[in-house]
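J.: A predicted structure for the sequence below; I have some questions about it.
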Amino acid sequence: MGDSPNKKKIVVAELASILLVAAMVGIVVSTKSGGAQPISGSNKAVQAICSPTRYKETCEKSLSQANTTDPKKLIQLAFDATAQNIGDVLNKSALLKEAEADPSMKDAYLVCQLELESAVDDLKRSIEHVREFDASKTREYIEDLRTWLSAVVTNQVTCVDAFEGTTGDAGEKMKKMLATARQMSSNALALISVLVQERRE
């Protein structure tokens, strides 16, 4: 009988420990759930923006770090991601560095360099155009964007074609290196329809 109060204290202490652990688990779960909500909202916006694109997975991946639901800002981010992808090929490609140093591929390198630089410039110009989008001049803005973004696609094709006739498999390697950029460029053209839809609404 004399041990009864001690036993009660032990039981109360164990219960308190269990409740404390449960509370901590609840806080962790709650924090994770709370932190996921804005990401979920952005994800839904990204999925909506990417819906008219041909390469949806590539589109959504390029916007995976987006923290906005604004369609215009998402389009700008998609264009910027495309420009960065092409820029990486242009500036970090071992193949282009080899081509620059190889007399037999020097001409192809120069053509490819100019084409990819032009593609990046047109994408940057498109980003500014979307930022300054004037709904009262929708047709003019859309035509400009289609012209520039179509040129971005053509630039990449011309870059790859420049390596035709050179020795080795440089052309095929360049084609593979630009595979993602071509998908992103195709998506960029499709995203123009989102601006048209925004104007209608």
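T.: Everything's here; your move.
J.: contacts, neighbours, all on C-alpha from now
T.: Noted.
J.: pick out the residue nearest the middle of this structure.
T.: For the chain, the residue sitting closest to the mean C-alpha position, by C-alpha atoms, centre = their mean, is Ser62 at 1.5 Å.
J.: my read: it touches Gln76, true?
T.: No - in this structure Ser62 lies outside contact range of Gln76 using C-alpha atoms under 8 Å: 11.4 Å.
J.: which element follows the worst-scoring helix or strand of the chain on mean pLDDT toward the C-terminus?
T.: Across the helices and strands of the chain, mean pLDDT, DSSP states H and E gives its lowest value to helix 4-50, namely a mean of 53. Downstream of helix 4-50, the next assigned helix or strand under DSSP states H and E is helix 56-62.
J.: list the contacts of that next one.
T.: Under the contact criterion C-alpha atoms under 8 Å, 6 or more residues apart in numbering, helix 56-62 has outside partners 46-47, 50, 53, 78, 81, 180, 183-184, 187.
J.: so which bits of it are buried?
T.: Neighbour counts over helix 56-62 (16 or more other C-alpha atoms under 10 Å) mark 56, 58-60, 62 as buried.
J.: could you find the closest non-adjacent residue to Cys172?
T.: Rather than Cys, residue 172 is Glu. In space, and not counting its chain neighbours, Glu172 is closest to Val160: 7.7 Å by C-alpha to C-alpha, 6 or more residues apart in numbering.
J.: how many neighbouring residues does the one you found have?
T.: Number of residues near Val160 (other C-alpha atoms under 10 Å) recorded here: 23.
J.: let's have the chain start at 407 instead
T.: Got it, the first residue is 407 from now on, which makes the last one we talked about Val566.
J.: can you tell me the element it falls in?
T.: Judged by DSSP H and E, Val566 forms part of helix 544-567.
J.: who are the packing partners of that helix?
T.: Judged by 3 or more C-alpha pairs under 8 Å, 6 or more residues apart in numbering; DSSP states H and E, helix 544-567 is in contact with helix 512-537, helix 576-583, helix 585-606.
J.: with mean pLDDT and distance to Asn473 added, can I get the ones you listed in CSV?
T.: Output for those, formatted as CSV (pLDDT from 0 to 100; distance: least, C-alpha to C-alpha, whole Å):
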stretch, mean pLDDT, distance to Asn473
helix 512-537, 96, 17
helix 576-583, 91, 28
helix 585-606, 88, 18
